[in-house]
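Peer 1: Any chance you can model this:
(one chain, ligands or ions: 2)
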Amino acid sequence: MASISLVAASALGKSSLKENAFMGVSLSNHSTMSEFDSVCARRTKRNRVAGGVRAQATAVMTPSETKFTESSKKTLRKGNVIITGASSGLGLATAKSLAESGKWNVIMACRDFLKTEKAAQSVGMSKENYTIMHLDLASLDSVRQFVETFRRSNLPLDVLVCNAAIYMPNAKTPTFTADGFEMGVGVNHLGHFLLSRLLVEDMVKSDYPSKRLVIVGSITGNTNTLAGNIPPKANLGDLRGLAGGMTGQNGSSMIDGGEFWGAKAYKDSKICNMLTMQEFHRRYHEDTGITFSSLYPGCIATTGLFREHIPLFRTLFPPFQKYITKGYVSETEAGNRLAQVVADPSLTKSGVYWSWNKTAASFENQLSQEASDVDKARKVWDLSEKLVGLA
Ligand code: NDP
Ligand code: PMR
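Peer 2: Ligands and ions are numbered 1, 2, ... in the order given. Okay, the predicted model is just below:
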């Protein structure tokens, strides 16, 4: 199980010209934080059904301290959950939370075996609660290989969590996956798209009573929020770049066909994640009973996601989120939230984008217009199928 790191440090340490104000934008461009609060309040008051994604005012009380008590009525066996990117940050905290419950065998799907082993040990996970399998989402061959390896284990698959991601805000030029896709969308969306499309077939066969496929989304991909309006804004446009394979050769490396911008590629990939969850829901939920969910876990400002940002950003971002936006959550808290989406009996509704309010209660959040666009979701699905060799 070799450690292969294709992402490398391609975009290290260079401050982007596109980020010429503190953290990308002047605060004065946006009225105040209370505007954000009122946006939150407004959106939770609505009870809208938008292409299968519902928003409602009722908060489901699921305190972060909740330990997972879902016990299978049909079977007493442990659940098997695959978590991509479980070597750090949110994925690791979720793996720990689920492992500690004693009810889950966590399959940590990671590109760096040794790093993952050390990470699991450093957070005190006991060996009987986890397995590490190699997965590099920057290679479709690796994704297929992972699926084969998992199938050879003969474990049933009960829950899949698509969590891994990279964010390259300072890259001046695009880097590409083994298959030639721009790295941000290639890893965060296309690698996960192939993985989840293949593994949903395994989930269908599982006898587990509450099967779930979770794709981690984010507030920054949603332009109906203040955070989603910090430039560059997510926007998939007419998908002409995705249709062209985002290879950067004779075309664009961005989904919308525009000029490369690493921060936008990340946010675009998050829209794809949230659209994919909803398209899965529409295509599979009724027939299979699988719950499809996405979430915004809160701003986990300390994770490795910001490793390629400039040092000043990494220093200021956590206190900014803690004391100014108040959007900050610890890795442990965020891990408990994602673990709820995996296992909590009150979060079984499918097609939902979960968020948490200030009292740590989960609620069904409303996605932006683009992130809930039914037609776009179908087109992203169809184009992605072609790119990953499923159509
Ligand atoms: P981290 O950087 O800590 O974790 C990302 C994980 O993805 C790491 O385990 C990393 O592996 C893995 N990864 C990256 N590239 C690949 C690849 N090619 N193949 C396999 N695995 C890969 O970031 P976070 O924990 O913050 O991010 C986790 C999720 O949370 C992401 O989906 C992100 O979009 C989402 N999120 C994060 C927020 C935040 O504030 N941090 C807010 C909202 C959503 P390795 O250890 O080898 O680098
Ligand atoms: Mg943001 C309530 C306001 C809020 C929240 C919840 C976030 C979350 N951010 C907010 C506001 C602001 N941010 C404001 C006012 C600014 C301008 C100063 C700002 C800036 C900013 C930058 C430069 N924020 C960022 C960046 C990043 O590079 C992060 C990013 O976009 O990564 C893709 C980020 C984030 N802000 C968040 C969250 C959760 C992030 C991490 C992004 C993610 O994982 O989606």
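Peer 1: Quick check: chain neighbours aside, which residue is closest to T177?
Peer 2: G186 (3.7 Å; C-beta to C-beta, 6 or more residues apart in numbering). C-beta: built from backbone N, CA, C; applies to glycine.
Peer 1: what about the longest helix along the chain and ligand 2, any contact?
Peer 2: Using DSSP state H to define each element, the chain has its longest helix at helix 262-280. Yes. Counting by C-beta under 6 Å from any ligand atom, ligand 2 has neighbours in helix 262-280: 263, 266-267.
Peer 1: tell me which strands and helices that helix is in contact with?
Peer 2: Other elements packing on helix 262-280 under the criterion 3 or more C-beta pairs under 8 Å, 6 or more residues apart in numbering; DSSP states H and E are helix 183-185, helix 192-205, strand 212-216, strand 291-295, helix 374-387.
Peer 1: At the contact with ligand 1, which residues of the stretch 1-150 of the chain appear?
Peer 2: Contact residues (C-beta under 6 Å from any ligand atom) of the stretch 1-150 of the chain with ligand 1: 7, 84-85, 87-91, 110-112, 115, 135-138.
Peer 1: Can you flag which of these belong to strands?
Peer 2: 84, 110 (DSSP state E).
Peer 1: Just give me the closest of the residues of the stretch 1-150 of the chain next to ligand 1 to S384.
Peer 2: Set against S384, the nearest of those by C-beta to C-beta is L137 (13.5 Å).
Peer 1: just to revisit the earlier point, output the longest helix of the chain as PDB, nothing but the C-alphas.
Peer 2: C-alpha atoms of helix 262-280 as PDB (Å, rounded to 0.1, in the frame of the first residue of the first chain):
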ATOM      1  CA  GLY A 262      -8.100  27.500  -7.800                       C
ATOM      2  CA  ALA A 263     -10.500  28.800  -5.100                       C
ATOM      3  CA  LYS A 264     -13.300  28.800  -7.600                       C
ATOM      4  CA  ALA A 265     -12.500  25.300  -8.700                       C
ATOM      5  CA  TYR A 266     -13.000  24.200  -5.000                       C
ATOM      6  CA  LYS A 267     -16.300  26.000  -4.600                       C
ATOM      7  CA  ASP A 268     -17.500  24.700  -8.000                       C
ATOM      8  CA  SER A 269     -16.600  21.200  -6.900                       C
ATOM      9  CA  LYS A 270     -18.700  21.600  -3.800                       C
ATOM     10  CA  ILE A 271     -21.700  22.600  -5.900                       C
ATOM     11  CA  CYS A 272     -21.100  19.400  -7.900                       C
ATOM     12  CA  ASN A 273     -21.000  17.400  -4.600                       C
ATOM     13  CA  MET A 274     -24.400  18.900  -3.500                       C
ATOM     14  CA  LEU A 275     -26.000  18.400  -6.900                       C
ATOM     15  CA  THR A 276     -24.700  14.800  -7.100                       C
ATOM     16  CA  MET A 277     -26.300  14.000  -3.700                       C
ATOM     17  CA  GLN A 278     -29.700  15.300  -4.900                       C
ATOM     18  CA  GLU A 279     -29.400  13.500  -8.200                       C
ATOM     19  CA  PHE A 280     -28.600  10.300  -6.400                       C
END
